[in-house]
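*Asks:* Got a predicted model here, sequence first, then my questions.
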Amino acid sequence: MGEEEMCDTTLGLGIGKGGWKEGKDRRCEADPAVRLHLWFPSFPKKEIEEEEEEEVEEERKQRLITKRKSEEDDDDDNKLQGARKKLRLNPEQSNILEESFRAHNTLTSFQKEELAQKLGLLPRQVEVWFQNRRARTKLKQTEVDCEVLRTWCESLRDENRRLRMELQELRFYTEVSKVEGTRLCSSCEELMSMEEKGRGFDLGKKRARVFQLCN
DNA sequence: GAGGTCAACTTGATTT
DNA sequence: AAATCAAGTTGACCTC
């Protein structure tokens, strides 16, 4: 048996600072002060891998069986054989997942494993649930943002409408003053020339001054 | 039966 | 290369 075919049979347990790193890199970075190493007799790596695969497969089958048993409606089981059957999480599972999502909307692999074990689900199912949950949150937030923008747009449209009316009114008064031969005072002429040059000015103030000074 | 919801899947990008 | 994510899609199931 070659060295490469042997697997690492030591088990390490540490006490001290360090632990599961949060964030993108979620590997265990423990550097404990006290360390315990256990050694077990070695088996060929291939054999162990095969055994592990079998265990995983068995576990998967068992979970599927449990899941099926928990489904209330089994009437059409024969029809559904081979088809994808929809899993419905029970209220307790949903609550725990929601609670966990509120605490952190992403999972470390350790948290995923832990949660899956707690809920009797596969880690993959927990992962999928979190992915879908993030998607739902984002969609909801987009809807909220959309509503805010819509309201803002509406108010800007109102403001624009009001200003256009005001401008129209002002133009009317200047036309009337021209027809009636009312002379504009120097201040109003200045304001009019500002408008022609397209510079910013206060329409309300202008109208007030045209009224006060020219009529 | 139409439409909504949601778990599961696919794909492509990114990170480590 | 593997793990993870977002975005998009599929399909089972439910409600009206």
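*Replies:* Noted; the coordinates are in hand.
*Asks:* CA only for contacts and neighbour counts going forward, please
*Replies:* Will do.
*Asks:* wait, what's in contact with A:Ala86?
*Replies:* Let me fix one detail, which is that residue A:86 is Lys and not Ala. Neighbour list for A:Lys86: empty [criterion: C-alpha atoms under 8 Å, 6 or more residues apart in numbering].
*Asks:* Tell me how many other residues surround A:Pro123.
*Replies:* 19 (other C-alpha atoms under 10 Å).
*Asks:* Spit out the contact partners of the closest residue to it other than its chain neighbours.
*Replies:* Nearest-residue entry for A:Pro123: A:Ala116, 5.1 Å, with adjacent residues in sequence omitted and distances by C-alpha to C-alpha, 6 or more residues apart in numbering. A:Ala116 makes contact with A:122-123, A:125-126, according to C-alpha under 8 Å, 6+ apart.
*Asks:* DNA strand B contacts on chain A?
*Replies:* A:24-25, A:86-89, A:125-126, A:128-129, A:132-133 (C-alpha under 7 Å from any atom of the strand).
*Asks:* Compare those and tell me which is most surrounded.
*Replies:* A:Val126 (21 neighbours).
*Asks:* Narrow the residues of chain A next to DNA strand B to those in helices?
*Replies:* If you go by DSSP state H, the residues of chain A next to DNA strand B have A:125-126, A:128-129, A:132-133 in helices.
*Asks:* Looking at those, which one is closest to DNA strand C?
*Replies:* Nearest to DNA strand C, judged by C-alpha to the nearest atom of the strand, of those is A:Asn132 at 6.7 Å.
*Asks:* Tell me the pLDDT of that closest one.
*Replies:* Here the pLDDT value assigned to A:Asn132 is 95.
*Asks:* One more: A:Met165?
*Replies:* 95.
*Asks:* Repeat that for the one 10 residues further on.
*Replies:* The per-residue pLDDT reported for A:Glu175 equals 84.
*Asks:* near DNA strand C at all, the helix or strand harbouring it?
*Replies:* Here A:Glu175 sits within helix A:123-179, counting by DSSP states H and E. Yes: using C-alpha under 7 Å from any atom of the strand, helix A:123-179 reaches DNA strand C at A:127, A:131-132, A:134-135, A:138.
*Asks:* Which elements pack onto that helix?
*Replies:* Under the contact criterion of 3 or more C-alpha pairs under 8 Å, 6 or more residues apart in numbering; DSSP states H and E, helix A:123-179 touches helix A:109-119, helix A:203-214.
*Asks:* need the least confident one among the ones you listed, by mean pLDDT.
*Replies:* helix A:203-214 (a mean of 56).
*Asks:* Which residue is the nearest non-sequential neighbour of the residue of chain A found nearest DNA strand B?
*Replies:* Taking C-alpha to the nearest atom of the strand as the measure, chain A has A:Gln125 as its residue closest to DNA strand B, at 4.0 Å. Counting by C-alpha to C-alpha, 6+ apart, A:Gln125 lies nearest to A:Ala116, which is 7.8 Å off, once chain neighbours are set aside.
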